[in-house]
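**Student:** 3D model of this:
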Amino acid sequence: MHLSKHCQERLQQRGITPQMMDIALRCGRHDRVPGAKRYQITDRSLQNTPYEAQIDRLRGLTLIVYEETSVGTAYWDFRLKKRGCLRRSHLGQEPARKRSSWAAQLSMVDLQ
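**Tutor:** The predicted model follows:
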């Protein structure tokens with residue numbers, strides 16, 4: 001698949017390797033965006049694949065592909081990275097952190 005000059009620069013700047021791109025194209029969730037196709041790696045897209053052990057490293061990788069032949073750009077969708085951490089806590093892999101509000105923290109302080 002052809003990489004645009006813009007895409008080559010972004011891959012280098014964002015630490016995205018050709019192997020990561022290949023995984024996104026093979027296993028990533030894809031949908032149509034105006035004039036292109038978007039491939040995104042989510043937790044669900046890598047479940048039950050040989051790449052499942054790399055979910056934390058690949059979560060959020062997004063490629064924009066034009067006309068099935070040219071990759072226009074690649075980036076990390078940090079909203080997906082954040083969501084993945086929350087999702088892991090629901091699966092019981094790590095305990096969810098309970099955060100108290102600022103007001104609750106003040107009421108717990110002994111004001112003597």
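**Student:** Could you tell me which ranges of the chain sit under the pLDDT cut-off?
**Tutor:** Where the chain drops to pLDDT under 70, the residues are 83-112.
**Student:** in it, which spans are strands?
**Tutor:** Remark: strands of the chain, listed N- to C-terminal, are 2-3, 29-33, 36-40, 61-66, 70-76; assignment by DSSP state E.
**Student:** Put the alpha carbons of the longest one into CSV.
**Tutor:** Spelled out, that is strand 70-76. Taking C-alpha atoms only, strand 70-76 is exported to CSV below (Å, rounded to 0.1, in the frame of the first residue of the first chain):
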residue,chain,number,x,y,z
SER,A,70,-3.0,5.0,-0.3
VAL,A,71,-2.6,5.7,3.5
GLY,A,72,-3.2,9.4,4.0
THR,A,73,-2.3,9.8,7.7
ALA,A,74,-1.9,7.9,10.9
TYR,A,75,-2.5,9.1,14.5
TRP,A,76,-3.3,7.9,18.0
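**Student:** so what secondary structure elements neighbour it?
**Tutor:** In terms of contacts (3 or more Cβ pairs under 8 Å, 6 or more residues apart in numbering; DSSP states H and E), strand 70-76 is packed against strand 2-3, helix 5-14, strand 61-66. Backbone N, C-alpha and C define where each C-beta goes, glycine included.
**Student:** okay, those, which one's buried deepest?
**Tutor:** strand 61-66 (a mean of 20; mean count of other Cβ atoms under 10 Å).
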